[in-house]
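Novice: Let's see this in three dimensions:
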Amino acid sequence: MLSIEDLTVEVDGKRILNGVNMSIGEGETHALFGPNGSGKSSLLFTIAGVPKYKVKSGSIVYKRKDITDAPMDERAKLGIGILFQHPPVLRGVKLLDMVRISLEQRNGGVKVKDQEIIELSKKLNLENFLSRDVNLGFSGGEIKRSELLQLLAQAPDFVMLDEPDSGVDLVNIGLVGNTINELLEKDKKTMHRSKSGLIITHFGNILDYVKADKAYVMMKGRVFCQGNPVELLDDIRHNGYGECMTCMKR
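Specialist: Reported below is the predicted structural model:
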């Protein structure tokens, strides 16, 4: 599904990713750990094609197509979706209309009735938010659910989630987890899934609800460790990132 090779990226002349390698197969879900400022979000933004993230070397191949220099809208049309950690407020744009645009684009321009959008929003308890401007005055957890609703409408083949559990209370974390599982087709056997995902998580809470197949640890713009998500997370919880720092010095 996605292959990243020796990816080096700069923003405003400052190097933020340095020789990143990663491969995510069809139907797989991978997790990405790392301290603040390690480059995790920058990697997602680069994959999504955010313009200020300049690839200096390496490649990004998605569905066997080199998208290293592809614009952001082309990547979205190819099936790449992202949940931002801090998405913008869209004044003057109702959540209902945003979801409608995604659904109609996905359905080849076929008009969507309001009731269809209402039924979809009920999955995330957002039916009373549809008449509000996107993310305006929303709490942290409401923003996460709003972004997930838009992803449900978009139904991307490759889903990137930047800390989907941050700001989400204990009542709604299960709801968020169930929605991510739906996006990633977790109800199907691995061999029958066509959706893949990459999840950034700081504390790992979301992995109690969404099973990851593999995990990485990123430090200072590089991937230093990879392996079993549960084992890596357990090491981090008990030892911090000290062992990874040791590996960096070797």
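Novice: mind listing the strands for this structure?
Specialist: Taking DSSP state E as the test, the strands found in the chain are 2-11, 14-24, 29-33, 54-62, 65-66, 80-83, 90-94, 133-134, 158-162, 196-200, 214-219, 222-227.
Novice: how about the ones you listed in JSON lines, adding mean neighbour count, distance to E74 and mean pLDDT?
Specialist: In short, each C-beta sits where N, CA and C put it, glycine included. Formatted as JSON lines, the strands of the chain follow (neighbours: other CB atoms under 10 Å; distance: least, CB to CB, whole Å; pLDDT from 0 to 100):
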{"stretch": "strand 2-11", "mean neighbour count": "18", "distance to E74": "15", "mean pLDDT": "97"}
{"stretch": "strand 14-24", "mean neighbour count": "17", "distance to E74": "19", "mean pLDDT": "96"}
{"stretch": "strand 29-33", "mean neighbour count": "25", "distance to E74": "23", "mean pLDDT": "96"}
{"stretch": "strand 54-62", "mean neighbour count": "16", "distance to E74": "10", "mean pLDDT": "97"}
{"stretch": "strand 65-66", "mean neighbour count": "11", "distance to E74": "10", "mean pLDDT": "96"}
{"stretch": "strand 80-83", "mean neighbour count": "24", "distance to E74": "9", "mean pLDDT": "96"}
{"stretch": "strand 90-94", "mean neighbour count": "12", "distance to E74": "22", "mean pLDDT": "94"}
{"stretch": "strand 133-134", "mean neighbour count": "20", "distance to E74": "23", "mean pLDDT": "94"}
{"stretch": "strand 158-162", "mean neighbour count": "25", "distance to E74": "14", "mean pLDDT": "97"}
{"stretch": "strand 196-200", "mean neighbour count": "25", "distance to E74": "18", "mean pLDDT": "97"}
{"stretch": "strand 214-219", "mean neighbour count": "22", "distance to E74": "26", "mean pLDDT": "94"}
{"stretch": "strand 222-227", "mean neighbour count": "17", "distance to E74": "26", "mean pLDDT": "90"}
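Novice: tell me which helix or strand of this protein sits lowest on mean pLDDT?
Specialist: The helix or strand of the chain with the poorest confidence is helix 242-249; it has a mean of 60 (mean pLDDT, DSSP states H and E).
Novice: Of all the strands of the chain, which one is nearest S42?
Specialist: Nearest of the strands of the chain to S42, taken as CB to CB: strand 14-24 at 4.8 Å.
Novice: Quick check: which helices or strands does the closest one pack against?
Specialist: On a contact count with 3 or more CB pairs under 8 Å, 6 or more residues apart in numbering; DSSP states H and E, strand 14-24 meets strand 2-11, helix 40-48, strand 54-62, strand 196-200, strand 222-227.
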